[in-house]
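> sharing a model prediction with you, sequence too.
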There are 2 protein chains.
Amino acid sequence: MGRTEKPKQNTLYVGSLAKGLRLLRAFDESHTELSLSELAARSGLDKSAAQRLANTLHLEGMLEKDATTRRFRPSHAWLGMAYAYYWSDPLVAQAMPKLIELSKLIGETVNMAELSGDHIIYVSRLPCKRTSFAATVIGRRLPALSTSSGRVILSTFPPEERAAAVRDWPLRSYTPHTTLDRSEIVQAVEQAVRDGYAIARSQMLPNEIAIACPIRNPEGRALAAVQASVSALSWSEERIRAEILPALQDTAHAITAKPQR
Amino acid sequence: MGRTEKPKQNTLYVGSLAKGLRLLRAFDESHTELSLSELAARSGLDKSAAQRLANTLHLEGMLEKDATTRRFRPSHAWLGMAYAYYWSDPLVAQAMPKLIELSKLIGETVNMAELSGDHIIYVSRLPCKRTSFAATVIGRRLPALSTSSGRVILSTFPPEERAAAVRDWPLRSYTPHTTLDRSEIVQAVEQAVRDGYAIARSQMLPNEIAIACPIRNPEGRALAAVQASVSALSWSEERIRAEILPALQDTAHAITAKPQR
DNA sequence: GTCAGCGGTATCGTATTATAATACCTTGAC
DNA sequence: GTCAAGGTATTATAATACGATACCGCTGAC
């Protein structure tokens, strides 16, 4: 039960590598640069281990080290990882030109999200309006149930899977209006089943309305979603349905057509 | 002299971790999914090592494994690395809203690049027009000397550094028009010193014109650049100077003002 | 249908290599 | 000047990573 339990006690598991990865994971939105001791504390490793592993990551170009403060930061190599990821994801290359067209057409922020376990992760973001920094950054993971994209992806799953997900997947609050009542989420997902799209209000940011359409594989199951985000101060849901939804559906469907590779 | 030389023979260097990173680096734009043997070949590790390390990366969620083909691919965690990077880079958060404004204003593709050794790396891309996929992806590394951003950053360095860079930094050809003549690059950089901006034609893509302004730190040295890319088919350099340059300079300067953190 | 070859998986004895305790150094506070 | 805290370096120890090899399952040739 201890935090030190090994994922595998077998010889195909290299503990040192796994520990190095724990150091990398110690960095997040609120821990952007870490001293050796902080690194040790956050990764749960002792000082010696943190020292050796951090030093290795530094020599290998994965961590910058400030010569004066002695603190570590993610290096540009972390962006290089995203670069490699993009080439490996067949959806992105196919979607990108269509997302650009869509954003030009509607003049509002367009995102693409993929399901990653019980979260969604933004793989592409085309911000058109000033917004919070977090809303412009690639790689953000959010609880699927709290996002229009996650809900609309889920809506393409068979009923039992939907029920299990709405029951078990995690939720957390981002705004005073984030829905934490699972029965409300059931409603939203079932509405998405009927509509083929999902609209969510103020789930991640106050006064933000998000609308998402699923990107389906040939079997009809969604892998991902295209989503537009607009301000509730300038848009009514009615107008979103009239002016954004059709183009959004076209875009999502165009990505559907040529499914994999 | 062999490829197997250890970066450090000391006890602060954990070889297993470094080898794991070599596996990660085996993935790039033309190697998007790799079998175990390919992984071994590309990383220079033997089959057993590749097996153990790849398995570890898989268990740790860094590599997806296709159940049928047995091939490995980068996981969503690779995007998560970019996410963490963004929060750690003080320039990005500060620049993002201004870049969005700029792209809205000029209606053309806007990028931000940072110097990374002798390359530049794109940290932010706001594509407005259909273009090649490679031109939309963050984390792309390009030889600094071949890009308007790299040249304008270099133009803020003291003369000896400029000379050394133009002499030593790498070059490679991306289009039939990529400049490989270093004396021409000297000209371009010195022009940028005088102008405070740099224009480059067809260096990365045919019929692409890029214009870049430096983002300077308080000492006047550039850390990064803001860059716009337009089609030579619709834009003359004259019109770029008249209609894009002023806004580009404003944006770069605005990011300059509040320098670090 | 058999067989060979290839790639992926699992095992195991060995010693290389990672470990963790500790001592040493630097810095900044008081 | 002393002290504490954090970073750096060293070392003896054995735990852990190693890589040779054997096994298994698939595919294509004949």
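Happy to help now that I have it.
> quick check on residue A:206: phi, psi?
The phi/psi pair for residue A:206 (degrees, to the nearest 10) reads phi -60, psi 140.
> just give the nearest non-adjacent residue to it, would you?
residue A:175 (5.1 Å; C-beta to C-beta, 6 or more residues apart in numbering or on different chains). The way it works is simple: take the backbone N, C-alpha and C, and place the C-beta from them, glycine included.
> which ones are touching residue A:201?
Going by C-beta atoms under 8 Å, 6 or more residues apart in numbering or on different chains, residue A:201 touches A:177, A:208-209, A:232, A:237.
> hmm, 7 Å instead?
Residues in contact with residue A:201 (C-beta atoms under 7 Å, 6 or more residues apart in numbering or on different chains) are A:177, A:209, A:232.
> next, find the distance separating it from residue B:80.
Separation of residue A:201 from residue B:80 (C-beta to C-beta, to the nearest Å) stands at 27 Å.
> what about residue A:248, neighbour count?
By other C-beta atoms under 10 Å in any protein chain shown, the residues close to residue A:248 number 22.
> quick check: buried residues in the helix or strand hosting it?
Assigned by DSSP states H and E, residue A:248 belongs to helix A:245-257. Judged by neighbour count using 16 or more other C-beta atoms under 10 Å in any protein chain shown, the buried positions of helix A:245-257 are A:245, A:247-248, A:250-256.
> also stretch A:203-217?
For stretch A:203-217, burial by neighbour count (16+ other C-beta under 10 Å) applies to A:203-205, A:208-216.
> same question, stretch A:44-62
Buried residues in stretch A:44-62, defined by neighbour count with 16+ other C-beta under 10 Å: A:45, A:49-57, A:59-60, A:62.
> over to stretch A:164-174?
Taking 16+ other C-beta under 10 Å as the criterion, stretch A:164-174 shows A:165-166, A:169, A:171, A:174 as buried.
> so what's the spatially most central residue of chain A up against?
In chain A, the residue lying closest to the centroid (C-alpha atoms, centre = their mean) is residue A:121, at 1.6 Å. Shown in contact with residue A:121 (C-beta under 7 Å, 6+ apart): A:113-114, A:139-141, B:76, B:79.
> nearest to DNA strand C among the residues you listed?
Each of the contacts of residue A:121 was scored against DNA strand C by C-beta to the nearest atom of the strand, and residue B:76 proved nearest at 21.0 Å.
> can you name the residues bridging to the residue lying closest to that closest one once chain neighbours are set aside?
Of all residues not flanking residue B:76 in the chain, residue A:116 sits nearest, at 4.4 Å (C-beta to C-beta, 6+ apart). Beta-bridge partners for residue A:116, by DSSP bridges, are residue A:119.
> how about the stretch 1-150 of chain A: which residue is closest to DNA strand D?
Closest point on the stretch 1-150 of chain A to DNA strand D, by C-beta to the nearest atom of the strand, is residue A:35, at 2.8 Å.
> what about the spatially closest residue to that residue that is not a sequence neighbour, distance to residue A:135?
Nearest-residue entry for residue A:35: residue A:71, 5.1 Å, with adjacent residues in sequence omitted and distances by C-beta to C-beta, 6+ apart. Distance, residue A:71 to residue A:135, using C-beta to C-beta: 28 Å.
> neighbour count for these two, which is higher?
Per other C-beta under 10 Å, whichever of residue A:71 and residue A:135 has more neighbours is residue A:135, with 19 against 16.
> what's the distance between the more buried one and DNA strand C?
Distance of residue A:135 to DNA strand C, computed by C-beta to the nearest atom of the strand, to the nearest Å: 37 Å.
> residues contacting that residue?
residue A:205.
> and it, its phi and psi?
phi -80, psi 0.
> reformat the buried residues of helix A:245-257 as JSON lines; add distance to DNA strand D and pLDDT.
What follows is those, written out as JSON lines (distance: C-beta to the nearest atom of the strand, whole Å; pLDDT from 0 to 100):
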{"residue": "A:245", "distance to DNA strand D": "44", "pLDDT": "98"}
{"residue": "A:247", "distance to DNA strand D": "43", "pLDDT": "98"}
{"residue": "A:248", "distance to DNA strand D": "40", "pLDDT": "98"}
{"residue": "A:250", "distance to DNA strand D": "39", "pLDDT": "97"}
{"residue": "A:251", "distance to DNA strand D": "37", "pLDDT": "97"}
{"residue": "A:252", "distance to DNA strand D": "34", "pLDDT": "97"}
{"residue": "A:253", "distance to DNA strand D": "33", "pLDDT": "96"}
{"residue": "A:254", "distance to DNA strand D": "33", "pLDDT": "95"}
{"residue": "A:255", "distance to DNA strand D": "30", "pLDDT": "94"}
{"residue": "A:256", "distance to DNA strand D": "28", "pLDDT": "80"}
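> near DNA strand D, which residues of the stretch 1-150 of chain A? Just list them.
Within the stretch 1-150 of chain A, the positions lying close to DNA strand D (C-beta under 7 Å from any atom of the strand) are A:11, A:13-16, A:35-37, A:47-48, A:51, A:70-71.
> now the terminal residues of stretch A:171-187, how far apart.
With C-alpha to C-alpha, to the nearest Å as the measure, stretch A:171-187 spans 16 Å from end to end.
> buried residues in that stretch?
A:171, A:174, A:179, A:185.
> then stretch A:62-74?
Across stretch A:62-74, burial judged by 16+ other C-beta under 10 Å covers A:62-65, A:71-74.
> tell me which residues are up against it.
Stretch A:62-74 is touched from outside by A:27, A:32-35, A:39, A:54, A:57-58, A:75, A:77, B:21, B:84-85, B:88, with contacts defined as C-beta under 7 Å, 6+ apart.
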